[in-house]
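K.L.:
give me a model of this one.
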Amino acid sequence: MSHLPVAKEGLVFIVPALAISLLLFGFGHPVPGVLVLLPCLFFVYFFRNPVRTSPDRHGELISPADGKVMAVEDIHEDEFLHDTVRRICIFMGLGDVHVNRAPTDGNVTRVEHREGKYRLAFKLEIDKENERNYIMYSEGHDRFLLVQIAGFLARRIICYVKEQDILRKGHPVGLIAFGSRVDVYMPRTYEPMVAVGQRVKSGLTPLARKEVP
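P.N.:
You can find the predicted model right below:
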């Protein structure tokens with residue numbers, strides 16, 4: 001999947017639209033053919049999965065999503081990590097790449113999907129209200145939590161990983177269709193390398209660095 005130019009979930013939209021468009025052109029109906037081709041091109045753009053080579057620097061997390069940083073804060077996570085941790089929230093707009101990638105290597109210890117509402121994803125307080133998917137994993141003694149959160153337009157969260165899977169830094173872990181948000185929880189020993197309002201790219205932008213004692 002990581003080598004396809006578009007996420008496989010987009011093919012159910014792209015292939016039929018392209019086939020219908022070609023048939024219309026073939027039967028001499030160029031105007032309807034163009035009208036059908038336009039949404040096909042939109043789906044190709046939306047579900048694009050660009051090749052990205054993640055920086056291989058030990059102790060450094062990379063962004064799991066394209067978008068804008070909404071929050072960098074310390075918060076008590078009492079359901080999965082049971083500790084005061086650091087959280088970085090990233091809002092993905094409609095035009096961003098929506099393939100989510102692993103911030104670092106690790107072993108998946110828990111995956112859990114929760115039903116919920118579809119409120120605007122740039123509101124910080126919706127993290128426990130909207131539909132969401134939790135991916136908890138560990139690297140050595142460090143534990144992390146990646147949360148995929150559906151937004152107002154997003155109606156489908158796709159997760160590619162399951163418990164006991166081994167994550168590879170920068171590899172796809174899922175996708176959220178049509179605008180959404182991704183939160184990363186990490187130990188407070190990790191120093192943020194991004195600021196609120198900054199634009200980030202999945203698999204490329206350094207997110208946080210582990211402090212050396």
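
K.L.:
domain-wise, how is the protein divided?
P.N.:
8-46, 60-210 (automatic domain parsing).

K.L.:
reformat the ones you listed as JSON lines; add mean pLDDT.
P.N.:
Converted to JSON lines, these look like this (pLDDT from 0 to 100):
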{"stretch": "domain 8-46", "mean pLDDT": "89"}
{"stretch": "domain 60-210", "mean pLDDT": "92"}
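
K.L.:
return the most buried member of those.
P.N.:
Of the domains of the chain, the one with the most neighbours on average (mean count of other C-beta atoms under 10 Å) is domain 60-210, at a mean of 19. Just so you know, the C-beta spots here come from the backbone N, C-alpha and C atoms, and that holds for glycine as well.

K.L.:
the domains of the chain: which one's closest to residue 52?
P.N.:
Nearest to residue 52, of all the domains of the chain, is domain 60-210, at 4.0 Å by C-beta to C-beta.

K.L.:
hmm, back to that, will you turn the domains of the chain into JSON lines that also has distance to residue 53?
P.N.:
Output for the domains of the chain, formatted as JSON lines (distance: least, C-beta to C-beta, whole Å):
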{"stretch": "domain 8-46", "distance to residue 53": "21"}
{"stretch": "domain 60-210", "distance to residue 53": "7"}
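
K.L.:
distance of the spatially closest residue to residue 150 that is not a sequence neighbour relative to residue 166?
P.N.:
Spatially, and ignoring its direct neighbours in sequence, residue 150 is nearest to residue 131 (4.1 Å; C-beta to C-beta, 6 or more residues apart in numbering). In this view, residue 131 and residue 166 are 27 Å apart by C-beta to C-beta, to the nearest Å.

K.L.:
thinking again about what came up before, which phi and psi does the residue nearest to residue 150 have?
P.N.:
Main-chain torsions, residue 131, degrees, to the nearest 10: phi -60, psi 140.

K.L.:
surely it and residue 118 touch.
P.N.:
Yes - using C-beta atoms under 8 Å, residue 131 is in contact with residue 118, at 6.7 Å.

K.L.:
one step back: which residues does the residue nearest to residue 150 contact?
P.N.:
114, 115, 116, 117, 118, 149, 150, 154, 157 (C-beta atoms under 8 Å, 6 or more residues apart in numbering).

K.L.:
would you mind measuring from it to residue 110?
P.N.:
18 Å.
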